[in-house]
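[1] Please work out how this folds:
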Amino acid sequence: MTKTRIGLTALIAAAALALTACAAGTGTDSDTGSDSSAATGSLTYVIGGDPTSLNPINVGDRWGLTTTNLVYSPLARVEGDGTVVNELAETIEPAADGRSVTVTLKEGLLWSDGEPLTADDVVFTYTNKAIRENGAADLLWVGDQPVTAEATDEHTVVFHLPSVSAAALSNIATETYIIPEHIYGEVTDFSGAELDPIAVGSGPYVLTAYERGQYLTFEPNENYYGEAPNIKNLTLQIVPNADTVKTALQTGEADASFATPDQIDELSAAGLDIYPYSEGRVAYLGLNLAKLTDQDVRQALMFALDRNELNDAAYLSDEYYENAYTILPPSNAFATEDVEKYEQNLDAAAAADGLTITLAYSGSDPAQTTQATLIQQQLKQAGVTVELAGVEAASIYTEIEKGADAKYDAFLGGYIMGADPDAYSALFRSGASSNFFHYANPETDALFDAGVAELDADARGAIYDDLQAQIAEDAVIYPITDNLKILAVNPRIGGVEEAGLVPIYTLENFGLLTEK
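    This is a model prediction of the structure:
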C-alpha cells in the first residue's frame with residue numbers, strides 16, 4: 001500500500017488552523033463554568049487493575065491515564081483522524097522559524113478548588129515534566145536540551161525549542177496534563193506515583209475516593225470549563241478477572257468494560273451493546289537484552305514463533321486484529337513491511353536450542369495468557385524451555401527494569417505511542433525512560449536524531465524505514481499484533497459515540513455519556 005506523507009510545513013499550518021479554530025469538544029463558554037447540578041444517575045466502569053501512577057507528570061499506564069484524563073486537562077488533544085481539538089488552549093501558534101510555539105489559554109479557567117488556572121501553571125507543569133529524573137521527559141527534549149516554557153502574561157505561554165523539530169508541535173500540544181502550582185509549588189520531587197494532596201485538577205470530574213484494589217469514585221467538577229458531565233456518580237471498579245467482569249456485565253452489576261472476542265456472542269445475547277475500535281497499538285514479545293545479549297540467539301527465538309497462530313488463538317478472527325511487523329502499528333503512516341518479519345523457520349531457530357528462559361505476562365489478561373502458553377509450545381519445537389510467570393502487569397515492568405538482575409528474560413506487553421515516530425524514541429533510544437528492553441545501539445539513536453530533525457516528509461519517511469529495519473535486525477521485540485479493543489456497554493447507557501472511543505482512555509470524555 002502506498003502511504004502519503006504530508007510535508008511538515010503543511011502539517012503545521014493545518015494544525016495551527018485547527019488549533020486556532022477548534023473549541024474543546026462541545027463545551028460551554030469557559031467564563032460560565034459548567035452546571036454540574038444537572039448531572040444524574042451513575043455509571044460503573046470495570047478496569048483491570050490499580051493505576052500504576054496517579055501523578056500526571058509521569059503517568060504512563062492505561063488505568064493511570066484513564067483516571068488522569070477524568071481529573072486533569074491537557075492544552076489540546078489529537079483525535080484518531082488527526083483532527084486537533086483544543087482543551088485548555090484557545091490558540092496554539094507555531095512560529096514561522098519553527099523555533100517556538102505560542103499558546104493562549106481560554107479565559108476564565110478554574111481549578112476544581114476554585115482557584116484561577118493561569119499560564120504560570122502551564123510553565124510549572126512543563127518545567128517539571130522536562131526534568132528527566134521525574135520519569136517522562138523524553139518527548140520534551142530536542143537532542144540534548146529540553147524545551148523550555150515562558151509565561152509572557154497570565155494567559156500566554158511561549159515554548160522555546162533548542163532546535164527545529166518535526167515532532168515538536170505534537171509533543172508540546174498534547175498528552176501533558178496541567179497541574180496547579182498553588183497546590184504543588186513546594187514539591188521538589190515529582191518522580192513518585194502519587195501527588196499529595198491527590199487530584200486537584202481542571203477535568204470534567206473530581207476524584208472523591210480511592211480504595212486500592214477495589215474502586216475509584218468521581219463526581220462532576222463544578223468548575224469544569226466544558227460541558228457539564230451528565231453522569232453524577234462515576235465509579236471505576238477494579239476487577240482483574242475477565243470471567244468475573246463478564247458476569248458483572250451480564251447481571252448489570254457493571255455498566256461497561258472491555259470484552260474479549262470469545263465473549264461477544266454471549267454478551268450480545270445478554271443485551272449489551274458492543275463497540276470494537278482500533279487503538280493503533282502494538283502488542284509484542286519483548287526481550288531483556290541485558291540477559292539475552294547474543295543477537296543470533298534473539299533472532300533464533302523469533303524465528304521459532306508463528307505470529308498468525310498466536311493471533312488466531314488470542315483473537316479468534318482477523319476481524320479483530322492485524323499482524324504487526326515493526327515497532328510502529330500497521331496503521332501508522334510511517335510503518336513499513338520492508339523489515340525482517342521473522343516468519344517461522346525452525347532451521348533458522350537452531351541457535352536457541354538448549355536455552356531456558358522465563359517469560360512474564362499479565363495473568364489477568366486472557367490474550368496474553370493464551371499467547372504465553374502457545375509461545376511456550378512453539379519455542380519447545382526449537383529446543384527452548386520456557387518457564388511461564390503469570391503475574392500482575394505493573395510488576396512485570398518493575399522487575400524487568402532490574403536488567404541483568406531481573407527474574408525475566410522476556411515479557412509480553414503492548415504500547416500506544418501515537419502517530420509521530422519520534423514518540424517511539426521513549427521506548428527504543430538508549431537510556432530512554434520506557435526502554436524496558438535495555439536496548440542500546442548508537443545507530444538507532446542516530447536515526448532517531450535524524451528523523452526528528454528532518455522536515456521533508458519523504459526524506460523523514462526513508463529515515464524511519466531504516467530505523468524500523470535496524471530495530472528488527474537487532475531483535476529487540478517480536479511485534480505480534482494491532483488488536484481491536486472491544487467495549488461492552490449496558491444498553492441503559494447512551495452517548496458512547498458522543499463521548500468518543502479513543503486509545504488508552506477508552507472514552508475521550510466520560511461526561512458525555514448519558515443514562516437512558
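[2] backbone phi and psi for Glu150, please?
    Dihedral pair for Glu150: phi -130, psi 130, per degrees, to the nearest 10.
[3] you'd agree it is up against Val158?
    Yes. Counting by CB atoms under 8 Å, Glu150 does reach Val158; the two are 4.9 Å apart. Backbone N, C-alpha and C define where each C-beta goes, glycine included.
[4] Which of the helices or strands spans Tyr275?
    Following DSSP states H and E, one finds Tyr275 within strand 273-277.
[5] Name the residues of that strand that are buried.
    For strand 273-277, burial by neighbour count (16 or more other CB atoms under 10 Å) applies to 273, 275.
[6] For it, which outside residues touch it?
    Contacts to strand 273-277, defined as CB atoms under 8 Å, 6 or more residues apart in numbering, come from residues 259, 264, 267-268, 320, 484-491, 496, 501.
[7] Report all helices and strands that the helix or strand containing Leu388 contacts.
    If you go by DSSP H and E, Leu388 is part of strand 385-391. Judged by 3 or more CB pairs under 8 Å, 6 or more residues apart in numbering; DSSP states H and E, strand 385-391 is in contact with strand 356-362, helix 366-380.
[8] Out of those, which gets nearest to Asp347?
    Closest approach to Asp347 among the helices and strands packed on strand 385-391 is made by helix 366-380 (14.6 Å; CB to CB).
[9] helices or strands next to that closest one in the packing?
    helix 307-315, strand 356-362, strand 385-391, strand 410-415.
[10] and the shortest one with strand 356-362, angle?
    Just to be clear, that refers to strand 410-415. 30 degrees (axes from the mean of the first three to the mean of the last three CA atoms, to 10 degrees).
[11] The third one too?
    An angle of 20 degrees separates the directions of strand 385-391 and strand 356-362 when computed by the same axes, to 10 degrees.
[12] Sheet partners, orientation included, of strand 385-391?
    Looking at strand 385-391 with DSSP bridges, its partner strands are strand 356-362 (parallel).
[13] Sort out which residues of the partner strand are buried, please.
    For strand 356-362, burial by neighbour count (16+ other CB under 10 Å) applies to 357-362.
[14] any chance of the residues you listed in a markdown table, plus distance to Asp50 and pLDDT?
    As requested, the buried residues of strand 356-362 are exported to a markdown table (distance: CB to CB, whole Å; pLDDT from 0 to 100):
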| residue | distance to Asp50 | pLDDT |
| --- | --- | --- |
| Ile357 | 28 | 98 |
| Thr358 | 24 | 98 |
| Leu359 | 23 | 98 |
| Ala360 | 18 | 98 |
| Tyr361 | 18 | 98 |
| Ser362 | 13 | 94 |
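[15] returning to that earlier point: most tightly packed of the helices and strands packed on helix 366-380?
    Among the helices and strands packed on helix 366-380, strand 410-415 has the highest mean neighbour count (mean count of other CB atoms under 10 Å), at a mean of 23.
[16] Can you tell me what sits against that strand?
    By CB under 8 Å, 6+ apart, strand 410-415 touches 281-288, 292, 301, 357-362, 368, 371-372, 396-397, 400, 427, 434, 436.
[17] Give the partner strands of it in its sheet and their orientations.
    Using DSSP bridges, strand 410-415 pairs in its sheet with strand 282-287 (antiparallel), strand 356-362 (parallel).
[18] helices or strands up against the helix or strand just after that strand?
    Downstream of strand 410-415, the first helix or strand assigned by DSSP H and E is helix 425-428. Applying 3+ CB pairs under 8 Å, 6+ apart, one finds that helix 425-428 contacts helix 442-453.
[19] tell me the mean pLDDT over the helix it packs on?
    Averaging pLDDT along helix 442-453 gives 95.
[20] Please apply the same query to stretch 177-187.
    The average pLDDT for stretch 177-187 rounds to 96.
[21] What's the end-to-end length of it?
    Using CA to CA, to the nearest Å, the end-to-end distance of stretch 177-187 comes to 17 Å.
[22] What of stretch 379-393?
    OK, stretch 379-393 end separation, CA to CA: 23 Å.
[23] do the same with stretch 233-245
    First residue to last in stretch 233-245 (CA to CA) measures 20 Å.
[24] which outside residues touch that stretch?
    Residues lying outside stretch 233-245 but in contact with it, judged by CB under 8 Å, 6+ apart, are 41-50, 63, 66-67, 70, 205, 213-219, 248, 254, 257-260, 263, 364-366, 392, 510.
[25] Show me which of these are buried.
    Taking 16+ other CB under 10 Å as the criterion, what is buried in those is 41, 43-50, 63, 66-67, 70, 205, 215-219, 248, 254, 257-260, 263, 364-366, 510.
[26] taking those residues one by one, which sit in strands?
    Counting by DSSP state E, those place 41, 43-47, 205, 215-219, 257-258 in strands.
[27] export the host helix or strand of Phe124 as PDB, just CAs?
    Assigned by DSSP H and E, Phe124 belongs to helix 119-129. What follows is helix 119-129, C-alpha atoms only, in PDB (Å, rounded to 0.1, in the frame of the first residue of the first chain):
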ATOM      1  CA  ALA A 119       0.000  30.400  32.300                       C
ATOM      2  CA  ASP A 120       2.200  30.000  35.400                       C
ATOM      3  CA  ASP A 121       0.500  26.600  36.000                       C
ATOM      4  CA  VAL A 122       1.400  25.600  32.400                       C
ATOM      5  CA  VAL A 123       5.000  26.700  32.800                       C
ATOM      6  CA  PHE A 124       5.200  24.900  36.200                       C
ATOM      7  CA  THR A 125       3.900  21.700  34.700                       C
ATOM      8  CA  TYR A 126       6.100  21.600  31.600                       C
ATOM      9  CA  THR A 127       9.200  22.600  33.600                       C
ATOM     10  CA  ASN A 128       8.800  19.700  36.000                       C
ATOM     11  CA  LYS A 129       7.900  17.200  33.300                       C
END
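[28] Which strands and helices lie in contact with that helix?
    If you count contacts as 3+ CB pairs under 8 Å, 6+ apart, helix 119-129 packs onto strand 100-105, strand 148-153, strand 156-160, helix 181-184.
[29] what's the next secondary structure element after that helix?
    As assigned by DSSP H and E, the chain's next helix or strand after helix 119-129 is strand 141-142.
[30] could you give the mean pLDDT of that next one?
    Mean per-residue pLDDT for strand 141-142: 88.
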